[in-house]
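1. with the input below, show me the fold.
(2 chains)
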Protein chains: 2
Amino acid sequence: MSSTETQATRHVLNLKNINPHIRNAKYAVRGELAVKSEYYRAKLAKGEGRDLPFDTVIAANIGNPQQLDQKPITFFRQVASLLENPVLLESEDVLVKSLGYKEDVIARAKKLLKEVKSVGAYSQSQGAPGIRHSVAEYIERRDGYPASVDNIFLSNGASSGVNTLMHVICAGPETGVMVPIPQYPLYTATLALLNARCVPYYLNEAQAWGTSIDEIRSSYEKAIKEGTDVKAIVIINPGNPTGGSLPAEDIKSVLKFAAEKGLVVIADEVYQTNVFIGEFISFKKALRDLQKETPGTYDHIELASLHSISKGMVGECGHRGGYFELINFNADVAQEIYKFISIQLCPPVLGQCIVEMMVNPPKEGEPSYELYKSEYDSIFKGLKERAYALYEAFKKMEGVECDEPQGSMYLFPTIHLPEKAVKQAKEEGKEPDEFYCFRMLDATGVCVVAGNGFGQREGTLHFRTTFLAPGTEWTERLVRFHEEFLAEFK
Amino acid sequence: MSSTETQATRHVLNLKNINPHIRNAKYAVRGELAVKSEYYRAKLAKGEGRDLPFDTVIAANIGNPQQLDQKPITFFRQVASLLENPVLLESEDVLVKSLGYKEDVIARAKKLLKEVKSVGAYSQSQGAPGIRHSVAEYIERRDGYPASVDNIFLSNGASSGVNTLMHVICAGPETGVMVPIPQYPLYTATLALLNARCVPYYLNEAQAWGTSIDEIRSSYEKAIKEGTDVKAIVIINPGNPTGGSLPAEDIKSVLKFAAEKGLVVIADEVYQTNVFIGEFISFKKALRDLQKETPGTYDHIELASLHSISKGMVGECGHRGGYFELINFNADVAQEIYKFISIQLCPPVLGQCIVEMMVNPPKEGEPSYELYKSEYDSIFKGLKERAYALYEAFKKMEGVECDEPQGSMYLFPTIHLPEKAVKQAKEEGKEPDEFYCFRMLDATGVCVVAGNGFGQREGTLHFRTTFLAPGTEWTERLVRFHEEFLAEFK
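-> So this is what the prediction gives:
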């Protein structure tokens, strides 16, 4: 966090005259709770935490796998080391014989270097063409429908992709974008920054956080009545923070609704490989299927789909890589998108290279395949196991209800808090769920995010936790804390 | 560039209903000329360019050293290779004996890994604390005045820092920011996106593109009369696109003016090590000097200074690293800045590590120092030589006037074009300088940016070229083209 020098008494900029839309934006994932957890972490690191009732801080507030000991995938990082220091390619013998680099690692590094020349050079603003080509091929394999390199835009994580799309769509204070509630607060924060309207639609907690078309319709109609120019609908699948994974019917009914009302569909599909139950269906595939079933009816849907290297089994958050695909966007509008992103020059080039490796990993029969596959599978298995361990822990906690883990990196349990706790929260000027999460942090060192940071139905309380932290000791801390909390406020 | 699928006839989004501020923004550095040059490059790469009068495309439109064969600094990239693949640290013997990695390379990689844990993990949104600490130490050494780690914000190149500062400052359509003309168009583009007002002040071409306080004052007063709420002044030093390097008096007079009028000072100092004549003086040092000379008079100035790994002798554009320092900002405002950047999570972590190495390179006596020093000096010398070679070429060109190279990576010559050429430009719907630059590209394969992309005094014409491309053959192409152009339009 930032403090500043204090010698001055007058300031040009103050809270009253800066951009009010920044002041209004909320982003709880890195908010006060996270700041307090960093304070505890620093205290422990300095050896000053002997008064604390825990000896480690667990950052379960953010999907940051490698901060929580997830090992990066060897193939990606071996290639990256060569991209960073291409001089090593002059010592292939040493790489192969002494360091165990396989020939496909070396070949991939050479291919990517040919494409970008140097990871220290700016690329095209839309991303290096050869990398976009690999992305298009991945989408074709995934969906069974063609994809074009011209429609792929590499980005700085998926977040910058969302920022770009929202910037283009939001034309003024009447523009509305439909956003699921609960949602990843990037959406509401970006809409607040753009002074546009969030048109919230509630997800259906009773049905594993699926979409309800009635809910979407009534929210849309309410917004229209209020004079909102509803332009787009966001879907996060698999869900963040809910962890829900949408069935095909939900996806199709959202697409049909978008076609009926003329809405751009923004599909946040960054957790597309984090699915434990059923299988992932992309909005693009569902759209193409619909188009095949009823020719001519869905051809006008504009769809943008986002992906990222930060999630999945890749977990390379710090490298800030991602992409979005534009489907059926007006070419003139795509040009404006290009201009917008060009002002920030280009996404990190090494992040682009990791996008390439994510969508085009070693194939069966290639030298690095076995290791890649075993690392990938073991990360997947580990995430699933930890998700279920946490789920089991929640089952033991009185007044806590949680769906079976389905996907993404989160669980989002409902919590029922005693009256006395709610009253105490009010006295401290906190939301009840926030109050609970602060108490949890203070007692256990586990940092989660209160449900109100994502939005939740009036009268319900939740929190979001990742299941990335290794071991089960910390889940036991949670169970113990919860018991003590209930005892205190009963 | 982007095209899109064409089967659809109706679109939700079109040029008339998207964000009008994006439509209004202009960013010539990656505009039409650059797009055409990419087209030529692709054509040549496919072996299809036999009809073209050149066999290479020279991208002199953008400061992208490593695209133009500048070798990265070995120390940075050796460390980066270890950050990417820390498993290599288990084979220190191989690194040292077979690959020539020095012990300070290994030590730095370990230090940085301890700081960030993994370059694949998100860091704090403001940047990893240990890296900000190195930046603060660098600023202290550079200026001889203290700097605080809390006031350093790492960024995604300097561009994202500018974007952040402009977002916070621009509160509404009346907010004005003073911008030098000519300027790097990031500033006008960002102001256009934010629907705020650019308050232009002309630099003094007759005095090596210095600032003129009379010019600044009259521009300020005009803006105030028009109801503009002038909040900040941007200075780019050394200049982009001008290449000018400001003398101490210019810097102090800008600071005095800012103190008088209550303006935030935004000092874009990304070219601080690219100075050929005189020495670089930071706005922070100048401010602290003024405060010492006249205690109490300048304590209320809010200053933000930006730096980047993309320029200097580092040239690591593709890694997207940079920082800004806030001086005397209100702590509440700094918190809002923190919240704003946290929405995009964090700057690329490897870019942050390169920031650390840029500000804290090998020291005299350390094993990597000699090589570092010789690489650094040779890049500096090469840039200077090429700047002067280009300068000499411009001297040979009739109707072209150019200052002696002073700094940054650019020359910005004035061009006087024949009447007939101006007329022809008008007929083709182009600005005369743009017309000239397109002709240059078509004839030589050299891509520069027309002066109107940066702003220039009415009735004057310029173009900006980098002097990064190796060799002098391409400067001869320019001389020949210019002669032929004059002959054609005389």
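2. and A:A331, how many residues sit next to it?
-> By other C-beta atoms under 10 Å in any protein chain shown, the residues close to A:A331 number 15. Backbone N, C-alpha and C define where each C-beta goes, glycine included.
3. tell me the residues of the stretch 151-300 of chain A that contact chain B?
-> A:151, A:153, A:156-157, A:159-160, A:163, A:167-172, A:186, A:189-190, A:193-194, A:231-232, A:262-264, A:299-300 (C-beta under 8 Å from any C-beta of the partner chain).
4. so who does the residue nearest to A:Y388 when sequence neighbours are not counted touch?
-> Distance criterion C-beta to C-beta, 6 or more residues apart in numbering or on different chains; nearest residue to A:Y388, sequence neighbours excluded, is A:P405 at 6.2 Å. Contact analysis of A:P405 by C-beta atoms under 8 Å, 6 or more residues apart in numbering or on different chains lists A:G243, A:F276, A:I277, A:K384, A:A387, A:Y388, A:L390, A:Y391, A:L411, A:F467.
5. look at A:P405 and tell me its secondary structure.
-> coil (DSSP: H, G, I helix; E, B strand; the rest coil).
6. got it, and A:P146?
-> Under three-state DSSP, A:P146 comes out as coil.
7. what score does it have for pLDDT?
-> On pLDDT, A:P146 comes in at 98.
8. any idea how far chain B is from A:G120?
-> From A:G120 across to chain B, the span is 4 Å (C-beta to the nearest C-beta, to the nearest Å).
9. wait, is that residue part of a helix?
-> No - assessed with three-state DSSP, A:G120 is coil; it does not lie in a helix.
10. residues in contact with it?
-> A:V349, B:Q66, B:P72, B:G315, B:E316, B:C317, B:G318, B:H319.
11. and with 10 Å instead?
-> If you count contacts by C-beta atoms under 10 Å, 6 or more residues apart in numbering or on different chains, A:G120 has them with A:83-84, A:349-350, B:64-67, B:70-73, B:76-77, B:80, B:309-310, B:314-319, B:354.
12. with A:G262 instead?
-> Per C-beta under 10 Å, 6+ apart, neighbours of A:G262: A:V230, A:K231, A:H300, A:I301, A:E302, B:R10, B:H11, B:V12.
13. okay, and A:A232 sits in which element?
-> According to DSSP states H and E, A:A232 maps onto strand A:229-236.
14. mind listing the strands that strand pairs with, and their directions?
-> As defined by DSSP bridges, the strand partners of strand A:229-236 come to strand A:175-181 (parallel), strand A:264-268 (parallel).
15. helix or strand with the lowest mean pLDDT in chain A?
-> helix A:32-45 (a mean of 92; mean pLDDT, DSSP states H and E).
16. may I see the buried residues of it?
-> A:L33, A:A34, A:S37, A:E38, A:Y40, A:R41, A:L44 (16 or more other C-beta atoms under 10 Å in any protein chain shown).
17. how far away is the residue of the stretch 151-300 of chain A found nearest chain B from A:G262?
-> Nearest residue of the stretch 151-300 of chain A to chain B (C-beta to the nearest C-beta) works out as A:H300 at 4.3 Å. In this view, A:H300 and A:G262 are 8 Å apart by C-beta to C-beta, to the nearest Å.
18. okay, now the nearest residue to the residue of the stretch 151-300 of chain A closest to chain B once chain neighbours are set aside: neighbour count?
-> Spatial nearest neighbour of A:H300, chain neighbours left out: B:R10 (4.3 Å); criterion: C-beta to C-beta, 6+ apart. Neighbourhood size, B:R10 [other C-beta under 10 Å]: 12.
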